[in-house]
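Enquirer: missing the sequence, but the structure's below:
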């Protein structure tokens, strides 16, 4: 693994819901190395999605620090944060978040347009990325014309548009059937292995264990434990009853 690319130091997140105070994160310390595949796992309400949002700059901590390449995300202004998201982080969501009126090609091109890439270059790169994820024949199909698995492949291609160092995947298999979910996990693992991308996934999906280098278990807003996949005595392929 490479140098540390993500570091959280004593991260807390407190929400005020009416008269109730909710402590979503209660002092999270975590280091992620460049090129590593991390799965953040835990029950609903454990804080894993909140931690995911902190790392992605989608929310700011109430206390502590979130460092991306030693840059404190909370100290960035709106422009700097937008630049970081555009250039350093690619996002994949459970609900795909594709723009319905745009084709697959146009959805993948969009981050490149925001980054200032010219039309011809962005067109060629988007087409290449869609081919990479197995959708070379679906460039001009809109999301409604694609299956859930195909839409998630478009989302992965879009996440890779600006050659990010980090891919953040929030429940990337949550809306997919078993077989398609395994294909998406395999694709994310291939991106990590072949291109050195750091993958951080917040997930309930036990199949994610097999692709991970480490699993970070979150409970009650704290890191309960961190385990290396190589040391887990578990036959992941048999969890769902299928090899």
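Expert: Nice, thanks for sending it over. Worth saying up front: this structure is predicted, and the values here are computed from it rather than measured.
Enquirer: which residues in the chain form strands?
Expert: 4-17, 20-33, 37-41, 63-68, 71-72, 89-93, 166-170, 198-203, 214-219, 222-228 (DSSP state E).
Enquirer: ok, which of those strands comes nearest residue 157?
Expert: Residue 157 lies closest to strand 89-93 among these, at 9.7 Å (CB to CB). Quick note: C-beta positions are derived from backbone N, CA and C, even for glycine.
Enquirer: what's the closest one packed up against?
Expert: Here strand 89-93 is seen to pack against helix 148-159, strand 166-170 when contacts are counted using 3 or more CB pairs under 8 Å, 6 or more residues apart in numbering; DSSP states H and E.
Enquirer: if we compare these, which one ends up closest to residue 15?
Expert: Between residue 15 and the helices and strands packed on strand 89-93, the shortest separation by CB to CB is 18.3 Å, and it involves strand 166-170.
Enquirer: average pLDDT for that closest one?
Expert: The average pLDDT within strand 166-170 is 93.
Enquirer: returning to what we had before: any chance of the strands of the chain in TSV, plus mean neighbour count and distance to residue 178?
Expert: Listed next are these as TSV, based on neighbours: other CB atoms under 10 Å; distance: least, CB to CB, whole Å:
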stretch	mean neighbour count	distance to residue 178
strand 4-17	17	30
strand 20-33	16	28
strand 37-41	25	17
strand 63-68	18	34
strand 71-72	12	39
strand 89-93	22	19
strand 166-170	24	18
strand 198-203	25	14
strand 214-219	20	20
strand 222-228	14	24
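Enquirer: distance to residue 131 added to these, as JSON lines?
Expert: Compiled in JSON lines, the strands of the chain are given as follows (distance: least, CB to CB, whole Å):
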{"stretch": "strand 4-17", "distance to residue 131": "28"}
{"stretch": "strand 20-33", "distance to residue 131": "29"}
{"stretch": "strand 37-41", "distance to residue 131": "23"}
{"stretch": "strand 63-68", "distance to residue 131": "30"}
{"stretch": "strand 71-72", "distance to residue 131": "33"}
{"stretch": "strand 89-93", "distance to residue 131": "18"}
{"stretch": "strand 166-170", "distance to residue 131": "19"}
{"stretch": "strand 198-203", "distance to residue 131": "21"}
{"stretch": "strand 214-219", "distance to residue 131": "31"}
{"stretch": "strand 222-228", "distance to residue 131": "34"}
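Enquirer: ok, back up a step: tell me which of the helices and strands packed on strand 89-93 lies nearest to residue 16.
Expert: Here strand 166-170 is closest among these (CB to CB), at 23.8 Å.
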